[in-house]
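Visitor: Test case, fold it:
(chains A, B, C and D)
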4 protein chains.
Amino acid sequence: MAIDFTLTAQQRDLQLTSRKFAKEVLNDAKAAELLSSPEERFLATKPTYEAMVASGYLRKCIPAPAGGDNAGLIDMAILAEEFYSVNASVTLTMLGTVLGLLPILLGGTPDLCKWLLGPFLKTSGAPLAGFCSSEPGGSANAGSPPPGEGVRTMARREGGNWIINGRKKWVSSATGWNREGADVLCVVCRTDPAAPPDAAISIIAVEGPVTGLVFERAIDTIGHRAHLVPQFGLQNVVTPGHNLLGQEGSGLALTAAAFTGTAALVGIFGVALMRAAFEFALHFARTEKRGGVHPIIEHQAVGYALADAKTTIEAARYLSWRACHALDAQSPAAEELAVEAKIFGSEAAVRVITDLMRVVGIDSYDHEAPFARLLQDALALPIFDGGNMGVRRRQLHMMFRRSDYDSLAACGAT
Amino acid sequence: MAIDFTLTAQQRDLQLTSRKFAKEVLNDAKAAELLSSPEERFLATKPTYEAMVASGYLRKCIPAPAGGDNAGLIDMAILAEEFYSVNASVTLTMLGTVLGLLPILLGGTPDLCKWLLGPFLKTSGAPLAGFCSSEPGGSANAGSPPPGEGVRTMARREGGNWIINGRKKWVSSATGWNREGADVLCVVCRTDPAAPPDAAISIIAVEGPVTGLVFERAIDTIGHRAHLVPQFGLQNVVTPGHNLLGQEGSGLALTAAAFTGTAALVGIFGVALMRAAFEFALHFARTEKRGGVHPIIEHQAVGYALADAKTTIEAARYLSWRACHALDAQSPAAEELAVEAKIFGSEAAVRVITDLMRVVGIDSYDHEAPFARLLQDALALPIFDGGNMGVRRRQLHMMFRRSDYDSLAACGAT
Amino acid sequence: MAIDFTLTAQQRDLQLTSRKFAKEVLNDAKAAELLSSPEERFLATKPTYEAMVASGYLRKCIPAPAGGDNAGLIDMAILAEEFYSVNASVTLTMLGTVLGLLPILLGGTPDLCKWLLGPFLKTSGAPLAGFCSSEPGGSANAGSPPPGEGVRTMARREGGNWIINGRKKWVSSATGWNREGADVLCVVCRTDPAAPPDAAISIIAVEGPVTGLVFERAIDTIGHRAHLVPQFGLQNVVTPGHNLLGQEGSGLALTAAAFTGTAALVGIFGVALMRAAFEFALHFARTEKRGGVHPIIEHQAVGYALADAKTTIEAARYLSWRACHALDAQSPAAEELAVEAKIFGSEAAVRVITDLMRVVGIDSYDHEAPFARLLQDALALPIFDGGNMGVRRRQLHMMFRRSDYDSLAACGAT
Amino acid sequence: MAIDFTLTAQQRDLQLTSRKFAKEVLNDAKAAELLSSPEERFLATKPTYEAMVASGYLRKCIPAPAGGDNAGLIDMAILAEEFYSVNASVTLTMLGTVLGLLPILLGGTPDLCKWLLGPFLKTSGAPLAGFCSSEPGGSANAGSPPPGEGVRTMARREGGNWIINGRKKWVSSATGWNREGADVLCVVCRTDPAAPPDAAISIIAVEGPVTGLVFERAIDTIGHRAHLVPQFGLQNVVTPGHNLLGQEGSGLALTAAAFTGTAALVGIFGVALMRAAFEFALHFARTEKRGGVHPIIEHQAVGYALADAKTTIEAARYLSWRACHALDAQSPAAEELAVEAKIFGSEAAVRVITDLMRVVGIDSYDHEAPFARLLQDALALPIFDGGNMGVRRRQLHMMFRRSDYDSLAACGAT
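Guide: Residues are numbered from 1 along each chain as shown, chains lettered A, B, ... in the order given. The predicted structure follows:
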């Protein structure tokens, strides 16, 4: 154990095979983004998603102890960078499904895990899972005490079952391929209307097809054009009592744990999009003369702009790797680093891609160039999965206020 | 004459009436942006453009000495801010037409002006003009000496006519409503294949419909979705010899003069888009609670982010006004200030709009919110009309190298 | 009345004469900054300050209705830019004195004004005034209700007098040339221990020499090395009852008004320091080859960095002018614009000066170059006179929360 | 071998013992910075430097194969972060000495290494070495062909010796404790006046005391106040012919290699200074109320500003570690990463420290707070050791232009 940035042979293999798969399979699936309605676009990606599952990539994202092939978040980061740089929409469908499984992995009993994860461990089909946290009206203050609404979706026990009522929004793939619900939904609900927020909220698994799921609309998102984020209702949805994940009242803690796990990956999503923009801009600069005598890379301003972009890309990648490692190693600094990786990588992506458009000039404004797509995808990163302003910086603020906060933990032993 | 920021009664009236017109007329025309092909979208704006012409707004952009109602660039800035903040596409169609007339206004003989401007001075119809400068392959180095290609479009004299051959790209409205060409095109051409660039290039007016204009495609642009920027060829296009604008060989100088005139307005375009984003974000922050107890404007982070946005908006507006005034007053610092207004306002717009999305959070990622449109429009500003990296900063760089450069000219007498 | 950036003949004359005075008189006084103790440095500037007074510059900062020669804040801005770009320390001594007089100008009766302003209207001597607001322990929350301390200095009536006790810090020139107090101090005090903050605080004038003033130390500031900012106590300081400025309890409002008036000028201070740095860097770039073949201005990276700096300078100047005009015209947007001018100009100055150091390279790190001094002076701008983070952005935040806030007021009629 | 951020037990021990040494020994030595002349300040640090040597820290910076105790650049980074965050001046004296030895380590024969390194491997004395690269007039274009001056210092062979003439500037510790020269100087000289730059320049070792060294002045630097950077001449300095380091003509390559090695550490210097500023600001925010009811860390604006600072610190640290590892592992991406670590960490430091001053407010402007010192030290980082604008970004620009440049090398196998 020592500070080391060398990929293991397995990691290097993962990097190269996923790069190849991305190029050969994911690249073509971008055409789906040109269809006119969000649902058409999503459906058009189903064969690609099936190919990802068939090639074992979904299994590579499910931890080995739970029956999958995943060896840790660093491996996820390597995979995610390769896939996301080529096709953010489909990659998010897969990783959103992994996020949808996280409350089960974190809080489910062994039996429940075995039962619910089963379809996701196969290398066939197109299984989807959704983590139903956000709601119409916003969830930046999900933990608000009354009179704040906090979590508005209610679950009450009735016999051996939970009866769930409420509405959700912005949940990846939640309504599934056919508006009947994903294979599994983990629904954040208020299970005790009277308790304080940190005891009132729970997460309950619901298996699809979901009776009582009312599809409202597929959001016409700026980017991730072929990924589905619906708005929908849950009307008297019934699910068995034992589908409660973790302790009753542990919902906010479980939500935080799940989103911290993914935050480090959002940093890598930023790296992936910047990297794709950089590669295009570099190639453009080395080949285009724009009416002049030399390729424009000969201009110092072009070279320096590329230098600034590349510097940011590298900084974002290693901060994200550091966060992934901290999460895998359960370092005391893991939460801090995960949030920082998300903030840094996501905001850098927006800035760097817009900067690189200026290297290319007006031809970057044509949808034939990749910048529109990359930037539109990047715009989500600072605001999804816990917005940087309303949620992520607040998390850091809370840590700094704790009397036992150690600002040197991150550079310490683990 | 004194430093003063008070609108005259006429300017205040222009501001309020154009604000009203924008709200009542231009706002609805945004629906055109949802159609699927670029040409459909452009055509759908024709009635709105006709309404602008009918209400005299095109006349308000043509200088009084040439028969129009325009009193100066400050007035243009006031008008442009109101229109552009509501509908960038149609506003750009009108202002792109004004740009298309600028070489005539700057270089045309009185007779030619009278003849060519005629259709644009009426308050009926939907007259279009296009300034045909950019070409496929890029024109950031239009003034390059050989072996750089510079301007590739050629014009040769034959009898009393010019015969023009070449291809153009990114020219607002150039192919007109029906692919037959705008009412007038000012075409930048190489008129002397042997001369050095500052004597080889000329601008020649071509009246539509244009025989020999070959429509290639309407570019599917990231923003300005209902504005037309085509790519097209000119094949043996014939135009009378007296349609040469200015002296033969004066093309690069005339091009520079035209684009400097518009640069100050691009700064205002940035102000307009930021202002629209700010108004939405402010309203959102004052009304949305996102699950918490208070409207989110109560949060300091929200208020401070709005403060930074508003500060930038105000800085951009007065720099642009300063540039407009300098151009009107023919100040020695006019070119410098115009370029600076463009750089500042355009890059600020991209940054501020992406920052404001973070105030709103994930709901800003929905096409129901205005951010996608505003940002997509803003992305053009740093790269069109002379890209900031390839052209605009280079202009400043050239000035700084001149031995007679006076860095205090801008704060001096005029 | 119309939007106009033309200096009047008088303003142009003011600009050129103050530029000349700065070059001939203020420039040499910079040597004072090299002395070893803060008080020595301050005392060494006394002859220069006397020359400023003798040449009528202090009078040019006192409004005409009060007996001075000042025609408005725009004139102050023109003067301040010229002086501050050459010698921030002495200029701040003069403008700090003007700030010290503001509560009198704003709240004093005609008789009191006449009496207290007398020494400052002469063109002889070295009269000083200090606005005693900040206190040890910080005053960012001067308006805090209990249990916050807010203003800690107390004044109680005794007979016809006020008896003042407390401590102050960071007050320009407050202890005067000889530790006995400036000619006039305007002291922010709590006059009613029981009232809510907006009725408890008042400002009371104290004339020097001040019995009971206890000099504690002259702060060894990062910049403004030859300007005096002491920490001191007021122990049973007696001043006549009629020296109360404005109504009893109006202290916070009067403080806010005074600091708003100066905020627009802080924007210009930023312009002044950036301008000095730009001029040095431009000259360096045009003359130095650093071992290469051409002056380094031939490098695109150098030219572009200068372009970015100059663009920011111009943006800051016109925002500050706009704010000055709004204050003079009592525009409804005046407070907002003044705060924005301060935030923008002050933070820009720090950034631009550090950026320009990179143009010059390592030789900028030598105290023989002006960058250390300019940056050290600039560092104060975001944090003095109401820190941008604790006070200024909070002011904007408060405005945005008001239901009658009009975001378009600044671009409207006045 | 795998991606890992866990310190080995030895590294953790190094971190903690050097943290303790910094606190106990280096901290007090900061008082030296208050003395009035540069040389006095430098001399006052001699006992501290001797303590560093005596405690084996200089040995810890010399590679094991050469007789020292250094296990790699990562260890250097751990040590440097601890020391530099407490006392940049003395730490730079030690690391500048290591830089001064690098040409010997990289290019010296075993015998020469043994001879010249001897004094530096002892744990007694205060040995100094200087890498004499920069010259008056600037060396950003050291590799310029004529008529650029490039390297101006000349060395000619005479008998078995080199005779060196020229002037140098900005060389850490070069003139030694007594103006007679450091124990070893590695002098970059032109050894062939006629050859092209990549064959004309060599590095020659000169042992102190140096006859012919003419002390000109100790530069009064903005920061690193107790570190010596002199300007001096070399007049007919004689050194044995076998003191040539590497091949004749290899000087530019050797210089590049030495500076690349240190660039990654400059990134860590930035981390160290930011970290010290962060710790002060965090403590201030947790304890100061500034007149309000709660410690200011309760304000969201304060917490968010701290969050942004901390995010940048973490990003800079892992990019620097990545670069150190790449250099140790001789990764193909090593040079790129080292330059990027320098650019990112150095520029971030300047920005973050100025941002953190705004958290503290006006009390940060007092020399009693650490910000002045930290910022003044930080200002050197972007411009020393190869200025970021003139040298470092140009290095990246050159790489990007190479046809075999692989933008994914950095995230690959080593």
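Visitor: helix or strand for the closest residue to residue A:19 other than its chain neighbours, which one?
Guide: Excluding the flanking residues, the one nearest residue A:19 by Cβ to Cβ, 6 or more residues apart in numbering or on different chains is residue A:82, at 4.6 Å. For glycine as for every other residue, the C-beta is placed from the backbone atoms N, C-alpha and C. Under the criterion of DSSP states H and E, residue A:82 resides in helix A:73-84.
Visitor: Which strands or helices does that helix pack on?
Guide: If contacts are counted by 3 or more Cβ pairs under 8 Å, 6 or more residues apart in numbering or on different chains; DSSP states H and E, helix A:73-84 sits against helix A:9-21, helix A:88-107, helix A:251-287, helix A:300-328.
Visitor: how about the CA coordinates for the strand ranked longest in chain A, as CSV?
Guide: If you go by DSSP state E, chain A has its longest strand at strand A:230-240. In CSV, the C-alpha atoms belonging to strand A:230-240 read as follows (Å, rounded to 0.1, in the frame of the first residue of the first chain):
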residue,chain,number,x,y,z
PRO,A,230,-39.9,11.3,-16.0
GLN,A,231,-42.3,13.0,-13.7
PHE,A,232,-44.9,10.6,-12.3
GLY,A,233,-47.3,9.8,-9.5
LEU,A,234,-47.6,6.9,-7.1
GLN,A,235,-51.2,6.3,-6.2
ASN,A,236,-51.9,3.7,-3.6
VAL,A,237,-48.9,1.7,-4.6
VAL,A,238,-48.7,-1.5,-2.6
THR,A,239,-45.4,-3.2,-1.7
PRO,A,240,-44.6,-5.8,1.0
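Visitor: Tell me, how many residues neighbour the residue of the stretch 201-350 of chain A found nearest chain C?
Guide: Nearest residue of the stretch 201-350 of chain A to chain C: residue A:300, at 3.9 Å (Cβ to the nearest Cβ). Residue A:300 is flanked by 18 other residues according to other Cβ atoms under 10 Å in any protein chain shown.
Visitor: wouldn't it be in contact with residue C:299 here?
Guide: Yes. With contact defined as Cβ atoms under 8 Å, residue A:300 reaches residue C:299; the gap is 6.0 Å.
Visitor: May I see the buried residues of stretch A:114-127?
Guide: Going by neighbour count (16 or more other Cβ atoms under 10 Å in any protein chain shown), the buried part of stretch A:114-127 is A:115, A:116, A:117, A:119, A:120, A:126, A:127.
Visitor: for stretch A:381-388, same thing?
Guide: For stretch A:381-388, by 16+ other Cβ under 10 Å, it's A:381, A:382, A:383, A:384, A:385, A:386, A:387, A:388.
Visitor: So the fourth one versus residue A:275, what's the distance?
Guide: Right, the one you point to is residue A:384. 20 Å (Cβ to Cβ, to the nearest Å).
Visitor: what's the answer for the third one, then?
Guide: Residue A:383 sits at a distance of 21 Å from residue A:275 (criterion: Cβ to Cβ).
Visitor: Can you spell out which helices and strands pack onto the regular element (helix or strand) spanning residue A:116?
Guide: Counting by DSSP H and E, the element that carries residue A:116 is helix A:110-121. With contacts taken as 3+ Cβ pairs under 8 Å, 6+ apart, helix A:110-121 sits against helix A:88-107, strand A:201-207.
Visitor: Go again with 10 Å.
Guide: In terms of contacts (3 or more Cβ pairs under 10 Å, 6 or more residues apart in numbering or on different chains; DSSP states H and E), helix A:110-121 is packed against helix A:88-107, strand A:129-132, strand A:184-190, strand A:201-207, strand A:244-245.
Visitor: could you dump these to CSV with mean pLDDT?
Guide: Formatted as CSV, those follow (pLDDT from 0 to 100):
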stretch, mean pLDDT
helix A:88-107, 97
strand A:129-132, 97
strand A:184-190, 98
strand A:201-207, 97
strand A:244-245, 97
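Visitor: Any idea how far stretch A:92-99 is from the middle of the chain?
Guide: On the basis of Cα atoms, centre = their mean, to the nearest Å, stretch A:92-99 sits 6 Å off its chain's mean C-alpha point.
Visitor: Spit out the contact partners of residue A:63.
Guide: Applying Cβ atoms under 10 Å, 6 or more residues apart in numbering or on different chains, we find residue A:63 in contact with A:69, A:70, A:71, A:72, A:73, A:76, A:98, A:101, A:105, A:117.
Visitor: what's the neighbour count on residue A:220?
Guide: Counted with other Cβ under 10 Å, the neighbours of residue A:220 add up to 17.
Visitor: Any idea which helix or strand in chain A has the lowest mean pLDDT?
Guide: Least confident helix or strand, chain A: helix A:197-200 with a mean of 92, by mean pLDDT, DSSP states H and E.
Visitor: Which neighbouring elements make contact with that helix?
Guide: Judged by 3+ Cβ pairs under 10 Å, 6+ apart, the packing partners of helix A:197-200 are strand A:184-190, helix A:251-287.
Visitor: Contacts for that helix next, please.
Guide: Applying Cβ under 10 Å, 6+ apart, the contact partners of helix A:197-200 are A:141-146, A:148, A:150-151, A:189-194, A:247-253.
Visitor: ok, now with 8 Å
Guide: Helix A:197-200 has contacts (Cβ atoms under 8 Å, 6 or more residues apart in numbering or on different chains) with A:142-145, A:150-151, A:190-194, A:249, A:251-253.
Visitor: average pLDDT for stretch A:211-228?
Guide: The average pLDDT within stretch A:211-228 is 97.
Visitor: gap between residue A:126 and chain B?
Guide: 24 Å (Cβ to the nearest Cβ, to the nearest Å).
Visitor: Pull the contacting residues for that residue.
Guide: For residue A:126, the contacting residues are A:46, A:49, A:50, A:53, A:177, by Cβ under 8 Å, 6+ apart.
Visitor: In three-state terms, label the residue of chain A most remote from its centre for me.
Guide: Going by Cα atoms, centre = their mean, the residue of chain A most distant from its centre is residue A:293, 44.5 Å out. Three-state assignment for residue A:293 (DSSP: H, G, I helix; E, B strand; the rest coil): coil.
Visitor: In contact with the closest residue to it other than its chain neighbours: list those residues for me.
Guide: Among residues not flanking residue A:293 along the chain, residue B:148 sits closest, at 4.1 Å (Cβ to Cβ, 6+ apart). Residues in contact with residue B:148 (Cβ under 8 Å, 6+ apart) are A:289, A:291, A:292, A:293, B:141.
Visitor: can you tell me which two in these are farthest apart?
Guide: Pairwise distances among the contacts of residue B:148 were taken by Cβ to Cβ; the largest, 9.1 Å, belongs to A:291 and A:293.
Visitor: Of the contacts of residue A:63 - the most surrounded one?
Guide: Of all the contacts of residue A:63, residue A:101 has the most neighbours under the rule other Cβ under 10 Å, reaching 30 neighbours.
Visitor: Nothing else from me, thank you.
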